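Trainee: Generate coordinates for the sequence data below:
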Amino acid sequence: MNGYALLKRIIDLTLAMILAVLFLPIWLIVPVITKLHSRGPVFYAHKRMGKGGREFWLYKFRTMVENADEILYKKNKKLLQKFKQGDWKLENDPRITKWGRVIRNLTIDEFPQLLNVFRGEMSIIGPRAYLKQEIKEQTKKYPETKKMIEVILTVKPGITGPWQTSGRNEVPFKKRVEMDYEYARRHSLWKDLGILLKTPKAMISKW
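Mentor: Numbering: from 1, shown residues only. Model prediction:
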């Protein structure tokens, strides 16, 4: 581990501990409201691609109805087609609950990823964590992004990053990859600090 990587790991763990304590009320309130509002588990785990292309379970507070993945991939072909045509995003996704939309708009649903940071699978700041199938299908649609993805996967994905602070769902796949690629090529503590300072505004930008 080089000096930058070691320092970044120390910063990750320090920030993760501070955030976990600072937002303790959220850890207590969100699970209770989630359970009262809709059926299903409090947390949602999804396999994503990490550093070196290794898959890991990414954690979130559940914001969708129970069995949302099954509804998308097995029960609603029109929704799946719309999802893929929209660069693996759905505008006004009907599977999102009313409460889920609230915590998504505040980016509260991402808080459980602090566990991924503690486990060393993610960083506080880094590229978006991509789905394996998303990479497979989208690089066929945008072949020029294949080499960029290879570079992106040389660093840990982040809870926040260039995509998360630059428009999020409004940013198309190709542009998102370009931003993550530039970060992976030129990441530094100064660049991380810049992204960190933009994050609070990005968190409330949908309100």
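
Trainee: list the buried ones in stretch 175-187?
Mentor: Under the neighbour-count criterion of 16 or more other CB atoms under 10 Å, stretch 175-187 has 176-184, 187 buried. C-beta: built from backbone N, CA, C; applies to glycine.

Trainee: what does stretch 97-111 give?
Mentor: Residues of stretch 97-111 classed as buried by neighbour count (16+ other CB under 10 Å): 97, 99-104, 107-111.

Trainee: same deal with stretch 135-147?
Mentor: Across stretch 135-147, burial judged by 16+ other CB under 10 Å covers 135, 138-139, 142, 145.

Trainee: For the helix or strand of the chain with the lowest mean pLDDT, give me every contacting residue.
Mentor: In the chain, no helix or strand scores lower on mean pLDDT, DSSP states H and E than helix 77-85, which sits at a mean of 84. Residues outside helix 77-85 that contact it (CB atoms under 8 Å, 6 or more residues apart in numbering) are 71-73, 89-90, 94, 137.

Trainee: Which members of these are the farthest-apart pair?
Mentor: P94 and E137 (22.0 Å; CB to CB).

Trainee: quick one, helices of this protein?
Mentor: 3-22, 24-37, 68-70, 77-85, 98-105, 113-118, 132-141, 146-152, 173-186, 189-203 (DSSP state H).

Trainee: and the second one with helix 3-22, angle?
Mentor: Going back to what we said before, that points to helix 24-37. 60 degrees (axes from the mean of the first three to the mean of the last three CA atoms, to 10 degrees).

Trainee: Quick one: work out the angle between helix 24-37 and helix 98-105.
Mentor: Using the same axes, to 10 degrees: helix 24-37 against helix 98-105 is 150 degrees.

Trainee: do the longest one as well
Mentor: Here helix 3-22 runs at an angle of 140 degrees relative to helix 98-105 (the same axes, to 10 degrees).

Trainee: Give me the helices and strands touching helix 3-22, please.
Mentor: Packed against helix 3-22 by the contact rule (3 or more CB pairs under 8 Å, 6 or more residues apart in numbering; DSSP states H and E) you find helix 113-118, strand 123-125, helix 189-203.

Trainee: Out of those, which one sits most buried?
Mentor: strand 123-125 (a mean of 26; mean count of other CB atoms under 10 Å).

Trainee: re the thing from before, quick one: closest of the helices of the chain to F56.
Mentor: F56 lies closest, by CB to CB, to one member of the helices of the chain: helix 113-118, at 6.9 Å.

Trainee: Which elements pack onto the closest one?
Mentor: Secondary elements touching helix 113-118 (3+ CB pairs under 8 Å, 6+ apart): helix 3-22, strand 55-61, strand 158-160.

Trainee: Can you pull out the low-pLDDT segments for this structure?
Mentor: For the chain, residues meeting the criterion pLDDT under 70 lie at 1, 167-169, 205-207.
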